[in-house]
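Asker: using only what follows, build the 3D model:
(one chain, ligands or ions: 1)
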Amino acid sequence: LRETSLEYTPWPSNFVARYKSAKLWQESILGELLKPHLNKNKLAIIDDHIGWTYQELERNSDLLASTFLKMGLGQGDKVVVHLPNCCALFELLFALFKIGASPIMALPTHRYGEISYFCEFTQAKAYIGSAQLNEQVNDSVLNQLIDNKLIKFGYTFDFNENFISLNHELKSQTDDLELLNKVKVVPSNIALFQLSGGTTGVPKLIPRTHYDYLYSVIGSNKICNINQNSVYLAVLPVCHNFPMSSPGALGVFAAGGTLVLSNSGAPDNAFSLIEQYKVTISALVPPLAITWLSAFETRKNEKNCPDISSLQVLQVGGAKFSFEAAKRVEPILGCTLQQVFGMAEGLVNYTRLNDDVETILSTQGRPISEFDEIKILDDDDNLVLQGEIGHLLTRGPYTIRGYYKAAEHNLKAFTSDGFYRTGDLVRENENGYLIVEGRAKDQINKGGEKVAAEELENYLLSHSSVFDAAVVAMPDEYLGERICAFVIAKTQLCSPLKSIDLNKFLRSKQLAQFKYPDRFEIVKSFPKTKFGKVDKKALRIQISEKLNKLS
Ligand code: J2J
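Answerer: Numbering: from 1, shown residues only. Now for the predicted structure:
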């Protein structure tokens, strides 16, 4: 038994006792989630190519788990998982949960820049990718990871001469599950690492234990009425915390329902999957929800309009869903809207399915648990009056007490008594529902995809012609926000600095596509606050006014 408890900031023992005695934390691990449903011959998961019953998923992940054990992967090992929405992803995740290895949930859009950092920072033993995702990228990612000695093993589910082919390994093995039966994983261990949207130079890793993650999933299931008849369509990248756990894929498995996986949220694809599998619930970010609304509104009166009447609930979260868009969900799609305001660090708020219309349309919900503690504070850390806007802080049975290996940052991100400073500006209505009013953290929320300004600024500052850089959000009708990079060039350059050079330079860093600035503004100076810091608020106003004039 190797507890990984030293690798995360533990909850104080009185909190552990509280969460256990209230039966929030159960003596169970994510690797056991499928067990209660094995004798039902029920479809657990299906993607564009393949579908498995609960038995098949369990068996495949058992075989993969024992393959990993034989290859020398086991308790406490970190594994960077870089897969799109596919059945193999869950075969893999369950295998890792069962052997006590911790997946790092990279997004399919991450590139070598992010992946190499995760490998290096966590000392990951393995990287698991797939050419299904993007052949070129994965080849080059793996070659570079191996050339630079960042990992010991590189695996894939498809054929690629540079990777260890898991399909091949699985075919060649017999039913030898003996090693696996000896493994004992304890629920206080790290189940997986989620990634923080971040506000700092590099993405932070979020260690989630089996205790806390399972509780968030089971608690979400009750609120979202997930049961064995639920059919959940995942079109968002399922490694993200929202479609994974709120209640997401894991919620569906816990309840014995069916998970339908797709890599495209395009309306026609989604509507036909909803019709085909009688999908009951799906989860979207606001821009995608708006796209579905417009598409279905147009198609509604067509003769061959898909039948999406099975859809009972549409969850929308990850960024603020406007009241105007929210109002259209029920009339157009004929299902209940559920607003979800969550974070990979923990706290998740939901509007309840039977809430009154006003609450559903104009709030972002209330916490999963009565054990979730919420504080709304002013700039000096004093409680605001009821109904006033302030900084949201939270502590609870599934909110982390610290980021992974980030002692210094944790001092700022958490209070001494363990509250997480979310960086969100909210107010609470008289019924305890939260309304997101803005953000104090230095982050851009591009339709649900989070970009830390500092990460981009650091890259820009490493360009030899850049004197200073400030990255801010600019308004966008569709995505809510896009990225604008203000840059001051060094003086005495031979030729003037151009956006195209900066763009090319950033692209050479091999980052996720969504992080590249949508606009560069090359300026002579930045406005400053009275404390002499770059006044980002003024920059946001500046770019927003300029865009208004242009349109
Ligand atoms: C406004 N801002 C929101 C909302 C998240 C469920 C749902 C979402 C996430 C998620 C998640 C918002 N309105 N409805 O992990 O389990 C912004 C806030 C928040 C940040 C967290 C889940 N829903 N946000 O989006 O870790 O700023 O998690 O602090 O990616 O997204 O981002 P992330």
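
Asker: contacts, neighbours, all on C-alpha from now
Answerer: Noted.

Asker: next to the ligand, which bits of the stretch 101-250 of the chain? Give me the list.
Answerer: For the stretch 101-250 of the chain, the residues in contact with the ligand (CA under 6 Å from any ligand atom) are Ser196, Gly197, Asn241, Phe242, Ser246.

Asker: 5 Å instead, please
Answerer: Listed as neighbours of the ligand in the stretch 101-250 of the chain under the rule CA under 5 Å from any ligand atom: Asn241, Phe242.

Asker: now the strands for the stretch 101-250 of the chain?
Answerer: All strands of the stretch 101-250 of the chain, identified by DSSP state E, counting those that start in this stretch, fall at 102-105, 126-129, 153-156, 164-165, 190-195, 205-209, 231-234.

Asker: which among those strands is found nearest to Ile483?
Answerer: Judged by CA to CA, the one of the strands of the stretch 101-250 of the chain that comes nearest to Ile483 is strand 190-195, at 20.0 Å.

Asker: taking strand 205-209 as reference, get the angle to that closest one.
Answerer: 150 degrees (axes from the mean of the first three to the mean of the last three CA atoms, to 10 degrees).

Asker: which parts of stretch 264-273 are buried?
Answerer: Judged by neighbour count (16 or more other CA atoms under 10 Å), stretch 264-273 contains these buried residues: Gly265, Pro267, Asp268, Ala270, Phe271, Ser272, Leu273.

Asker: ok, now stretch 415-433?
Answerer: Those buried within stretch 415-433 under the rule 16+ other CA under 10 Å are Gly418, Phe419, Tyr420, Arg421, Thr422, Gly423, Asp424, Leu425, Val426, Arg427, Glu428, Tyr433.

Asker: can you give me how far that stretch is from the chain middle?
Answerer: 20 Å (CA atoms, centre = their mean, to the nearest Å).

Asker: could you list the residues in contact with it?
Answerer: 351, 359, 363-366, 376, 386-395, 399-401, 413-414, 434-441 (CA atoms under 8 Å, 6 or more residues apart in numbering).

Asker: cutoff 6 Å now
Answerer: Stretch 415-433 has contacts (CA atoms under 6 Å, 6 or more residues apart in numbering) with 365-366, 387-395, 401, 413-414, 434-441.

Asker: now the terminal residues of it, how far apart.
Answerer: Taking CA to CA, to the nearest Å, stretch 415-433 runs 23 Å from one end to the other.

Asker: state the mean pLDDT of it.
Answerer: Stretch 415-433 comes out with an average pLDDT of 98.

Asker: do the same with stretch 288-300
Answerer: Rounded mean pLDDT across stretch 288-300 is 97.

Asker: ditto for stretch 60-75
Answerer: 93.

Asker: next one: it to chain centre, how far?
Answerer: 26 Å.

Asker: just the buried residues of that stretch, please?
Answerer: For stretch 60-75, a neighbour-count test (16+ other CA under 10 Å) marks 60-69, 73-75 as buried.

Asker: residues making contact with it?
Answerer: Against stretch 60-75 from outside (CA under 6 Å, 6+ apart): Glu91, Phe94, Ala95, Ile99, Gly100, Ala101, Leu177, Leu180.

Asker: now the lowest-mean-pLDDT helix or strand in the chain: buried residues?
Answerer: Within the chain, no helix or strand scores below helix 166-171, which has a mean of 75 by mean pLDDT, DSSP states H and E. For helix 166-171, a neighbour-count test (16+ other CA under 10 Å) marks Leu166 as buried.

Asker: can you list the neighbours in contact with that helix?
Answerer: Contacts for helix 166-171 (CA under 6 Å, 6+ apart): Thr156, Phe157.
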